[in-house]
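**Q** model the structure of this input:
(one chain, ligands or ions: 1)
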Amino acid sequence: MASQEIDTLAQALARLPGLGPRSARRAVLWLVKRRETALRQLVAALAEVQERLVECETCGNVDTQDPCGVCSDPRRDQRSLCVVEDVADLWALDRSRLFTGRYHVLGGRLSALDGVGPEDLTIGRLIDRVVKGGIDEVVLAMNATLEGQTTAHYIAERIDGYPVRITQLAHGLPVGGELDYLDEGTLAQALRARRPMG
Ligand SMILES: [Zn+2]
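**A** Sure thing, here's the model as predicted:
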């Protein structure tokens, strides 16, 4: 019989992506055995994240400052904007170091199945950024899933007519491939070989 506290923690952990109830219970036990080391570090790190992390109102990135480090970096190319589904994709692309522009995080993908429509994503904010001008290229870096591609086509239609070049990652990516899981070489290749959306 586990205590109420352990149950509560295990249930909270089980909601994390990729962690089921069983691995959550194992993680809790692992932490309890390391109360003074790993558990203490985790508690401190969680508190720090809760305290300091904010969402960038410009691009949707998560950072300790708003505008985020990417948006406020003057060395970055302001004329190039890369649109991604999630913050994890932004980080993955940024690790590849091949994209020197700025980003826009949609906060998900269009999905009829999950009831996610354009108004649930930051597409309006993206259009605003495009309308404001000063952007030459919009790179649509959606995942190579059906929903990702539907989202890319929808956005391409919405910004068609504005004076920007719309390109798409070269999806030699495996079908169903999620950016976050690609190795950096593959990602870099997809970015380098990006092609006009059509
Ligand atoms: Zn930002």
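**Q** close to the ion, is stretch 47-59?
**A** Yes - contact of stretch 47-59 with the ion (Cβ under 5 Å from the ion) involves 56, 58, 59. Using the backbone N, CA and C atoms, a C-beta is placed for each residue, glycine as well.
**Q** need the contact list for the second one.
**A** Neighbour list for residue 58: 66, 67, 68, 71, 129 [criterion: Cβ atoms under 8 Å, 6 or more residues apart in numbering].
**Q** number of nearby residues for the residue nearest to residue 13 when sequence neighbours are not counted?
**A** Leaving aside its chain neighbours, residue 13 sits nearest to residue 24 (3.9 Å; criterion: Cβ to Cβ, 6 or more residues apart in numbering). Other residues lying near residue 24 total 18 when counted by other Cβ atoms under 10 Å.
**Q** can you dump the C-alpha coordinates of the helix or strand containing residue 24 into CSV?
**A** Using DSSP states H and E, residue 24 maps to helix 21-32. Provided in CSV are the C-alpha atoms of helix 21-32 (Å, rounded to 0.1, in the frame of the first residue of the first chain):
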residue,chain,number,x,y,z
PRO,A,21,1.4,4.8,-14.6
ARG,A,22,3.8,2.0,-14.2
SER,A,23,7.0,4.0,-15.1
ALA,A,24,5.6,6.9,-13.1
ARG,A,25,5.5,4.6,-9.9
ARG,A,26,9.0,3.4,-10.6
ALA,A,27,10.2,7.0,-11.0
VAL,A,28,8.6,7.9,-7.7
LEU,A,29,10.3,5.1,-5.9
TRP,A,30,13.6,5.9,-7.5
LEU,A,31,13.3,9.5,-6.3
VAL,A,32,12.2,8.5,-2.8
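**Q** mean confidence (pLDDT) on it, please.
**A** In this model, helix 21-32 carries a mean pLDDT of 94.
**Q** so how far is that helix off the chain centroid?
**A** Averaging C-alpha positions (Cα atoms, centre = their mean, to the nearest Å) puts helix 21-32 27 Å from its chain's average.
**Q** same check on stretch 97-110?
**A** Taking Cα atoms, centre = their mean, the mean C-alpha location of stretch 97-110 is offset from the chain mean by 7 Å.
**Q** next one: stretch 43-60
**A** Distance of stretch 43-60 from the chain centroid (Cα atoms, centre = their mean) equals 15 Å.
**Q** same check on stretch 97-113?
**A** Here stretch 97-113 is found 6 Å from its chain centre; the criterion is Cα atoms, centre = their mean.
**Q** and it, how far apart are its ends?
**A** Using Cα to Cα, to the nearest Å, the end-to-end distance of stretch 97-113 comes to 34 Å.
**Q** quick check, it touching the ion?
**A** No - under the criterion of Cβ under 5 Å from the ion, the ion is not reached by stretch 97-113; the shortest gap measures 6.9 Å.
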